[in-house]
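Asker: Quick one, fold the following:
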Amino acid sequence: MSISSTSFKKRHKKGFLKGYTPWNKGIKLSEKILKNMRGKVPWNKGKRLSKEHIKNLVRSHIGKKFPERAGENHYNWKGNKVGYMGLHNWIRKQLGVPRLCFYCKSTKAKRYEWANKSGKYKRDLKDWVRLCVSCHKLDSIKIHKRFKKTT
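Answerer: This next block holds a predicted model:
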């Protein structure tokens, strides 16, 4: 069962990339292979993994890190073209979850956030500071006033 490119584009917003050619374009299977495949049921059709096997698979991957596929080496790395949430997630991963406010030194607030010092969202770890929500609101007002004066 093949999927036409129009139905693929309807289901996937991005569709195919312009100029992209599939790895198997123009390759035909030989009659011998086709004849061997016809009418055969795949070996794993209808089979399910046991709960114990799934737990073992999960356990085997816990704590494993792949530095060769992390950070700038990752295929989906966007560099400075990262979005708002992507940047915040990256900051949280690099600097951890904040537990102390930089300004009021509070440790009893319900929530702490990473605040951007300069107002320009860049991948510079020195440009971020831990703040409680109330201090973050006050700091954001100062930053926005600073931008209004310069423009």
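
Asker: Next one: residue 102 from residue 110, what distance?
Answerer: 17 Å (Cβ to Cβ, to the nearest Å). All C-beta atoms are positioned from the backbone trio N, CA, C, and that covers glycine.

Asker: Can you pick out the residue with more neighbours from the two?
Answerer: Comparing residue 102 with residue 110 by neighbour count (other Cβ atoms under 10 Å), the higher total belongs to residue 102, at 18 against 6.

Asker: got the contact list for that one?
Answerer: Residue 102 sits next to 129-131, 135 when contact means Cβ atoms under 8 Å, 6 or more residues apart in numbering.

Asker: All the helices of this protein, in order from the start?
Answerer: 5-11, 31-37, 51-61, 84-95, 133-150 (DSSP state H).

Asker: what sits up against the second one?
Answerer: This means helix 31-37. In contact with helix 31-37 (Cβ under 8 Å, 6+ apart) are residues residue 29.

Asker: pLDDT weak spots in the chain?
Answerer: 1-16, 142-151 (pLDDT under 70).

Asker: ok, 50 please
Answerer: Across the chain, the ranges flagged by pLDDT under 50 are 1-2, 147, 150-151.

Asker: Dihedrals phi and psi, the residue nearest to residue 134 when sequence neighbours are not counted?
Answerer: Nearest residue to residue 134, sequence neighbours excluded (Cβ to Cβ, 6 or more residues apart in numbering): residue 109, at 7.5 Å. Per-residue torsions, residue 109: phi -70, psi 150 (degrees, to the nearest 10).

Asker: tally of neighbours for residue 109?
Answerer: For residue 109, using other Cβ under 10 Å, the count is 17.

Asker: cool, residue 82 as well?
Answerer: 16.

Asker: And it, how close does it get to residue 36?
Answerer: 48 Å.

Asker: Residue 41 and residue 53: what is the separation?
Answerer: Residue 41 sits 22 Å away from residue 53, going by Cβ to Cβ.

Asker: got the contact list for the residue most central in space within the chain?
Answerer: Centroid-nearest residue in the chain: residue 86, 6.9 Å away (criterion: Cα atoms, centre = their mean). Counting by Cβ under 8 Å, 6+ apart, residue 86 makes contact with residue 78.

Asker: let's see it at 10 Å
Answerer: Taking Cβ atoms under 10 Å, 6 or more residues apart in numbering, we find residue 86 in contact with 76, 78.
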